[in-house]
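Enquirer: Predicted model and sequence below, questions to follow.
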Amino acid sequence: MLAIEVENLRKEFRVQQNREGLKGAFRDLFKRRYNHVTAVENINFQIPKGEICGYIGENGAGKSTTIKMLTGILVPTSGKVVVNGYVPFQEREKYVKEIGVVFGQRSQLWWDIAVIESFQLLRKVYRVPEQDFKKRMDELVERLHLQEVLHRPVRKLSLGQRMRCELAASLLHNPSIVFLDEPTIGLDIVVKTEIRQFLKEMNKKYETTILLTTHDLQDIEALCSRVVMLDEGKIIYDGDLEQLKQRWGKGKEIVFHFAEAVNMQTLQQLTQGMEVKWQQDHPYEAKVWVPFEQENVSEVMRSVVSELNINDMKIIETNTDDIVREIYKSGSAETAGENHHA
Amino acid sequence: MYYATIFWDYTKTYMKTRMTYRADFIIEVLTNLAFQLMNLLFIIVVFQHTSFLGGWSREEIIFIYGYFMLPYGVFMTFFNLWDFTERYIVKGEMDRILTRPAYNLVQLMLENMNPSSLFGSLTGMLIMGYAWLQLDVTLQWYDPFVLLLFVAGSVMVYGGIYISITALSFFSDAPTGIHALMWNIQNYGRYPVNIYNKVIRFVLTWILPFAFVGIYPSAFFLDKEVTTLFSFLTPVVGLAFLTMGILIWNFGVRKYRGAGS
């Protein structure tokens, strides 16, 4: 069953252009010029129920705009959005009862009253029966370690505590789909890990569909089976994370520190016939890239170690950060892959 | 029923918040009252120079003023959205409102509820009572019910105009000044319309019908035959303007663009 279905979705904004200087400002007063900015350009994707999908992209790539259309806040310029069988902006009030939303940079709790009172108020707004609420609350308190913050006003919480409360608040009504817009922004590594763990468990237990945007690729690596990557309003990659790494990663990197000076030619001779790439910055040091699935790392190491004296050696995994940066630089996942293999 | 329960819960929340800032609450109530009493004082000063204003006596004008304070207090309690553009549009708080399963305008009203303004309505009742004792007009059995109906109508007039104007925030980035303008115009509604020229009278009756929050409905209780028809138009005009306001609002929400983040 599909949880989210997006077809040819598009959102344009009209942005006023300001002319320069006082004279320009005066002219703006009478005749305005507008620019049409396309924030999201005809995107298509489908997310089945129970999937955790990461939605990534640089600032201004259109992530938030998409999330806002999916949650019914914004009305699309054109295209189709169906979430949970609803068209979000048309039946908004009915639809939002079944979703949870967390905007990392915005609070949904009442600033001056105790956390538990905010939860009680939300219970009423979402019409959650008392008993369900109690059960749910017990579980959330235990999982997110909220016991000691429940009776404190929100303004007295640390960012990490507040974020955990925000998460709990968005899950009180047991939504089947959860949208998280940068849920880990500004948090320390301990809280981040805790939140990731929690989301994973929740997904497993309730089959909650999760769509999250983030700048922290570790969130993606820890949580998502699938990644949708956005650039300038267009989807440039949609698929699983492993594949992204395998196809566009540079493979593994081995760094050698030699006991004597070595030149490039010797190195290339040693690995003749293997599809590896050497790079040398220093006579005593060299790096070699071993592409995924093509060469065996131990094979490469053996051929080097058997011939040369080595002081030290290090294996570096490709990290997602590098891949993503690479893809952005070239503007499309397709060309990034080609560049590398060439 | 649902809205009644959340109304009660929001009220409780309001009170809890208010208890934490007790001094602030008292000062707010006092300044509100002081402001209203200043206006009343102004009326009294005017009547020290003349005994009639367009055929209306001092007590009658005071009675109108007292009436005006009733819907005004109720209105101020529920439509406390002066910083709507700043808070909800520019800072994007509207996003949060729109992701909750209750009508967005009701949520906004409840979130910003300010029941301390009801003290103004209470004062208004006292002023009306005082003026009525001086005036020697007979009280009919149906008067309290008619009063209720008229106050409801006047609140709807206020609400309708105010919602329409606030909804402009969805279309324009900074509709500053409009609120201030409206604020000045609404003051005209407290005085007999026949003292104004035709254009202003027309505006106050049909365009920005502030005459229906003061002079028209209260004239009914003063047995001024001239405006009885207009008195009973109060709930009709109120309903019409409220409907219009809500339609404009709903249209505006579709145009909401959110704040970038």
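Expert: Sure, I can see it.

Enquirer: Return the residues in contact with residue 150.
Expert: Picked chain A for this. A:114, A:115, A:116, A:141 (CB atoms under 8 Å, 6 or more residues apart in numbering or on different chains). C-betas here are computed from N, CA, C, even on glycine.

Enquirer: My question was about chain B, not that one.
Expert: Residue B:150 neighbours (CB under 8 Å, 6+ apart): B:217, B:218, B:220, B:231, B:234, B:235.

Enquirer: most surrounded residue in those?
Expert: residue B:217 (31 neighbours; other CB atoms under 10 Å in any protein chain shown).

Enquirer: Check whether that residue sits in a helix, strand or coil.
Expert: helix (DSSP: H, G, I helix; E, B strand; the rest coil).

Enquirer: ok, for it, nearest residue in space, not its chain neighbours?
Expert: Nearest residue to residue B:217, sequence neighbours excluded (CB to CB, 6 or more residues apart in numbering or on different chains): residue B:150, at 3.8 Å.

Enquirer: check which helix or strand covers that neighbour.
Expert: Assigned by DSSP states H and E, residue B:150 belongs to helix B:143-167.

Enquirer: Distance of the residue nearest to residue B:217 relative to residue B:204?
Expert: 16 Å (CB to CB, to the nearest Å).

Enquirer: Surely residue B:80 is in a strand?
Expert: No. Secondary structure of residue B:80 (three-state DSSP): coil, not part of a strand.

Enquirer: one step back: check which residues of the helix holding residue B:150 are buried.
Expert: B:146-147, B:149-167 (16 or more other CB atoms under 10 Å in any protein chain shown).

Enquirer: Following element in sequence after that helix, please.
Expert: In N-to-C order, the element after helix B:143-167 by DSSP H and E is helix B:178-188.

Enquirer: List the contacts of that following helix.
Expert: Residues contacting helix B:178-188 (CB under 8 Å, 6+ apart): B:82, B:158, B:161-162, B:165, B:168, B:196, B:200, B:203-204, B:208, B:210-211, B:213.

Enquirer: check contacts around residue A:240.
Expert: With CB under 8 Å, 6+ apart, residue A:240 has these contacts: A:225, A:226, A:227.

Enquirer: Please check those residues and keep the buried ones.
Expert: The buried subset of these - by 16+ other CB under 10 Å - is A:226, A:227.

Enquirer: May I see the contacts of residue A:240 organised as CSV, with pLDDT, distance to chain B and secondary structure added?
Expert: Shown next, in CSV, are those (pLDDT from 0 to 100; distance: CB to the nearest CB, whole Å; DSSP: H, G, I helix; E, B strand; the rest coil):
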residue, pLDDT, distance to chain B, secondary structure
A:225, 87, 26, coil
A:226, 91, 24, strand
A:227, 91, 21, strand
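
Enquirer: Can you list the low-confidence ranges for the stretch 101-250 of chain A?
Expert: Regions of the stretch 101-250 of chain A meeting the criterion pLDDT under 70 cover residues A:248-250.

Enquirer: My guess is residue B:92 contacts residue B:99. True?
Expert: No. Using CB atoms under 8 Å as the test, residue B:92 is too far from residue B:99 to be in contact (11.7 Å).

Enquirer: hey, where'd the strands end up in the chain?
Expert: All of this refers to chain A. A:2-17, A:33-48, A:52-57, A:78-83, A:99-103, A:177-181, A:209-213, A:226-231, A:234-240, A:252-258, A:277-282, A:285-290, A:310-316 (DSSP state E).

Enquirer: other chain: chain B
Expert: Going by DSSP E, chain B shows strands at B:52-53, B:56-57.

Enquirer: which neighbours does the last one have in its sheet, and in what orientation?
Expert: Put plainly, it is strand B:56-57. strand B:52-53 (antiparallel) (DSSP bridges).

Enquirer: who touches the most centrally placed residue in chain A in this structure?
Expert: Centroid check for chain A by CA atoms, centre = their mean gives residue A:214 as the closest residue, at 3.5 Å. Each residue near residue A:214 by CB under 8 Å, 6+ apart is listed here: A:54, A:56, A:180, A:182, A:183, A:184, A:185, A:220.

Enquirer: circling back: could you export the strands of chain B as CSV, including distance to residue A:300?
Expert: CSV is the format used below for those (distance: least, CB to CB, whole Å):
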stretch, distance to residue A:300
strand B:52-53, 101
strand B:56-57, 102
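
Enquirer: Fine by me, we can end here.
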